[in-house]
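Participant: the following comprises the amino acid sequence and a computationally predicted model.
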There are 2 protein chains.
Amino acid sequence: MILRPGSVQGFPLPPPMRRALDLAAQAAAAGEVPVGAVVTLGEEIVAEARNAMRTSSDPTAHAEMEAIRAAAARLRTSRLDGCTLWVTLEPCAMCAAATAIARFKALRFAAEDAKGGGVVHGPRIFAQPTCHHRPDVLGGIGEEEAGELLRRFFAERRQGD
Amino acid sequence: MILRPGSVQGFPLPPPMRRALDLAAQAAAAGEVPVGAVVTLGEEIVAEARNAMRTSSDPTAHAEMEAIRAAAARLRTSRLDGCTLWVTLEPCAMCAAATAIARFKALRFAAEDAKGGGVVHGPRIFAQPTCHHRPDVLGGIGEEEAGELLRRFFAERRQGD
């Protein structure tokens, strides 16, 4: 695994990340922290989700977990070997570990999360010697838009306090 | 949080761990790695589950995740502040992080998991500076029976190879 976090500006946004950003905006409109996730197999989107912790009263309903579960259900397998997970925010430890457990081929994320991230921050799940599977990781794809969605969401919430 | 892993032999097994061990045995009978989990609120069991990754083709369907989701659904909240999670094996990074996200008051586990654990091994999720919530953790409760279930399960699988 080569960790290549950081911005990849100047490149056109890959369609799965474009879709994940739209799902993040939908999450914000529903009062959820704006994070969206998409699972692809080859060029095809096989599953997608947005944060749903509030809507579904489920603390584990992060966009990534919902997308992983949906992809596994659709493909009828618990091993998503050939799949890529696209997500608008650096996954937390739970979601990063789920990506390893599901044996994702690759992980693509947008904004880094210094406070809650578990890939290039905090426990750095894939760098742990006990991590049994390490997807190829690339961050910074669409990070400006992803970060702006999050900043606007939390600014509006503070105004509402 | 005080980490007090290790055996607590000589004490009677708390009823929730007794139930979790029975669920682990049920998992083995269904061809799943034998791990069981129970969520309690006060003295009451509010949710229980066993590993279901194979049965449900869901890589995230660890006993703990299923029990956490069931407890949140039953209590209609994504914050399980007053709850305790009982599980027969040291949670992996995904499940340990989910316990923190759901703000569990306490975690009680049986056997340690040197290869896959994320609490007293590997990423030691609750010891990370970025971990926002740390349940009270106690391990070793019923570890002999939990370990024996796992050893027997994997020995039988090897015989079947």
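Facilitator: Cool, the structure landed.
Participant: for the helix or strand harbouring A:Val38, name the packing helices and strands.
Facilitator: Per DSSP states H and E: A:Val38 is located in strand A:36-41. If you count contacts as 3 or more Cβ pairs under 8 Å, 6 or more residues apart in numbering or on different chains; DSSP states H and E, strand A:36-41 packs onto helix A:15-29, strand A:44-50, helix A:63-75, strand A:83-89. In this view, the C-beta of every residue, glycine as well, is placed from N, C-alpha and C.
Participant: which one of the ones you listed lies closest to B:Pro91?
Facilitator: helix A:63-75 (15.3 Å; Cβ to Cβ).
Participant: and the lengthiest helix in chain A, does that touch chain B?
Facilitator: Secondary structure of chain A read by DSSP state H shows that its longest helix is helix A:143-160. No: Helix A:143-160 lies apart from chain B when judged by Cβ under 8 Å from any Cβ of the partner chain; the minimum separation is 15.5 Å.
Participant: quick one: contacts of that helix?
Facilitator: A:7, A:9, A:21, A:24-25, A:28, A:33-34, A:88-89, A:110-112 (Cβ atoms under 8 Å, 6 or more residues apart in numbering or on different chains).
Participant: report the buried residues of it.
Facilitator: When neighbours are counted by 16 or more other Cβ atoms under 10 Å in any protein chain shown, the buried residues of helix A:143-160 are found to be A:143, A:145-147, A:149-150, A:153.
Participant: before we move on, what about stretch A:15-35?
Facilitator: Going by 16+ other Cβ under 10 Å, stretch A:15-35 has these buried residues: A:16-25, A:27-28, A:32-35.
Participant: do the same with stretch A:75-95
Facilitator: A:75, A:77-80, A:83-95.
Participant: endpoints of that stretch, how far apart?
Facilitator: 19 Å (Cα to Cα, to the nearest Å).
Participant: now do the helix or strand of chain A with the lowest mean pLDDT: distance to the chain's middle.
Facilitator: Ranking every helix and strand in chain A by mean pLDDT, DSSP states H and E puts helix A:143-160 at the bottom, with a mean of 94. Between the centre of helix A:143-160 and the centre of its chain there are 17 Å (Cα atoms, centre = their mean, to the nearest Å).
Participant: what of stretch A:94-101?
Facilitator: 11 Å.
Participant: go on, stretch A:40-54?
Facilitator: That offset, for stretch A:40-54, works out to 9 Å (Cα atoms, centre = their mean).
Participant: now the end-to-end length of that stretch.
Facilitator: This stretch, stretch A:40-54, spans 26 Å end to end (Cα to Cα).
Participant: okay, now the unreliable bits of chain A?
Facilitator: Along chain A, segments meeting pLDDT under 70 span A:1-11, A:161.
Participant: which non-adjacent residue is nearest the residue nearest the centre of it?
Facilitator: With distances taken as Cα atoms, centre = their mean, A:Val87 lies nearest the centre of chain A, 2.6 Å away. In space, A:Val87 comes closest to A:Ala37 once its chain neighbours are excluded; the distance is 4.3 Å by Cβ to Cβ, 6 or more residues apart in numbering or on different chains.
Participant: returning to that earlier point: for the residue nearest to the centre of chain A, list each beta-bridge partner.
Facilitator: A:Ala37, A:Phe109 (DSSP bridges).
Participant: that one and chain B, how far apart?
Facilitator: Separation of A:Val87 from chain B (Cβ to the nearest Cβ, to the nearest Å) stands at 15 Å.
Participant: just checking, that residue touches A:Ala20?
Facilitator: Yes: here A:Val87 lies in contact with A:Ala20, judged by Cβ atoms under 8 Å, at a distance of 6.2 Å.
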